[in-house]
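Novice: Next one to model:
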Amino acid sequence: METTSTLEKTLRLIALTLVVIFFMFPIFWIFLMSFQTNETILAIPPSIIFTPTLSNYAALITGKLTTAAGTLDIAFMRNLGNSIFLSVTSVALALVLGVPAAYAFARHKFKGSEDIAFTLLSFRFAPPLLVLLPLTQYFQWLGLSDTYFGLIWVYQLICLPLILWIVRGYFEDISADVEYAYRIAGHSWFATFRKIALPLAGPGIAAAGLLAFIFAWNNFVFALVLASADKQPVTVGALAFVTSSGIQYGQIASAIVLSVTPTLALALYAQRYLVEGLSLGAVKG
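Specialist: Now for the predicted structure:
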């Protein structure tokens, strides 16, 4: 019996190792590509032994991309700054609007509340291409085309429904008796929301905010159509590496490493809140 148990553990360890290698190898290979030239990357057969270079990162930071056709000006660092600004601002606005709305839907049942909540969630289900044409016309009419305000507004289609529905579930898992006891003591509903509900749902709010940030960071279509090059995020700015002289694989790999770093750092920093928030309410009763 002990031999069987040891064999099972060994097989599980091998299977887990293979799964980790399968998912982590592409990331590892992209990291290696970021220190290679195009000639090394396209060499057949590929090799992990090469002379590393920082020219790819230097091209991104300086904004000068040298190709066979000449030197091109790229604005990757500006695109990276746009991504940080748009994602942080959009998530902050979605939290300000979505958390109180989630609390209202969780605690105050009224006629049509479920229909309204589902309608808001349906915005998250709709494919971006479905709303791009009317959004483009509305933005041109309102003067919001090619503005940060317009992009932050349209990013609410990504962030707000996600935060609303996730945080609503966390509020519903919190016992209402605690809030009622605090209200009986003479406190207002806003004080109850701020001092009781928010701290208890804090990990869930952090998890929802992190997921919304990742979705906002990865958005491509809205910024591609509704903004010009100086306001586009890094997901769209990466198109600059597809040039007339070919695809600059080394710069693309370096751009991926730099663009993933902020979200990875945020996820590592908020890991405790993320795990606690995603497990909140997992056990009922």
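Novice: Settle this for me: Thr243 is touching Leu72, isn't it.
Specialist: Yes: assessed by C-beta atoms under 8 Å, Thr243 is found in contact with Leu72 at 6.5 Å. Yep, even glycine has a C-beta here, placed from its N, CA and C like the rest.
Novice: what residues are shared contacts of those two?
Specialist: Leu65 (C-beta atoms under 8 Å, 6 or more residues apart in numbering).
Novice: tally of neighbours for Phe125?
Specialist: Neighbours of Phe125 under the rule other C-beta atoms under 10 Å: 9.
Novice: Show the contacting residues for Phe215.
Specialist: Contact analysis of Phe215 by C-beta under 8 Å, 6+ apart lists 158-159, 162.
Novice: isn't there a helix covering it?
Specialist: Yes: assessed by DSSP: H, G, I helix; E, B strand; the rest coil, Phe215 belongs to a helix.
Novice: Distance check, it against Ser259.
Specialist: 15 Å (C-beta to C-beta, to the nearest Å).
Novice: now what about stretch 241-252, what contacts it?
Specialist: So stretch 241-252 is in contact with 33-34, 36-38, 41-42, 55-56, 59-60, 65, 67-69, 72, 74, 238, 255, going by C-beta under 8 Å, 6+ apart.
Novice: ends of it, how far apart?
Specialist: 7 Å (C-alpha to C-alpha, to the nearest Å).
Novice: That one: which residues count as buried?
Specialist: 241, 243, 248-252 (16 or more other C-beta atoms under 10 Å).
Novice: How far off centre is it?
Specialist: Its chain's C-alpha centre and that of stretch 241-252 lie 25 Å apart, by C-alpha atoms, centre = their mean, to the nearest Å.
Novice: Could you chop the protein up by domain?
Specialist: The chain is divided into the following domains under automatic domain parsing: 6-73, 76-280.
Novice: which of the ones you listed is buried the deepest?
Specialist: Per residue and on average, the most neighbours among those fall to domain 76-280, with a mean of 17 (mean count of other C-beta atoms under 10 Å).
Novice: how about a markdown table for the domains of the chain, with mean pLDDT added?
Specialist: Shown next, in a markdown table, are those (pLDDT from 0 to 100):
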| stretch | mean pLDDT |
| --- | --- |
| domain 6-73 | 84 |
| domain 76-280 | 84 |
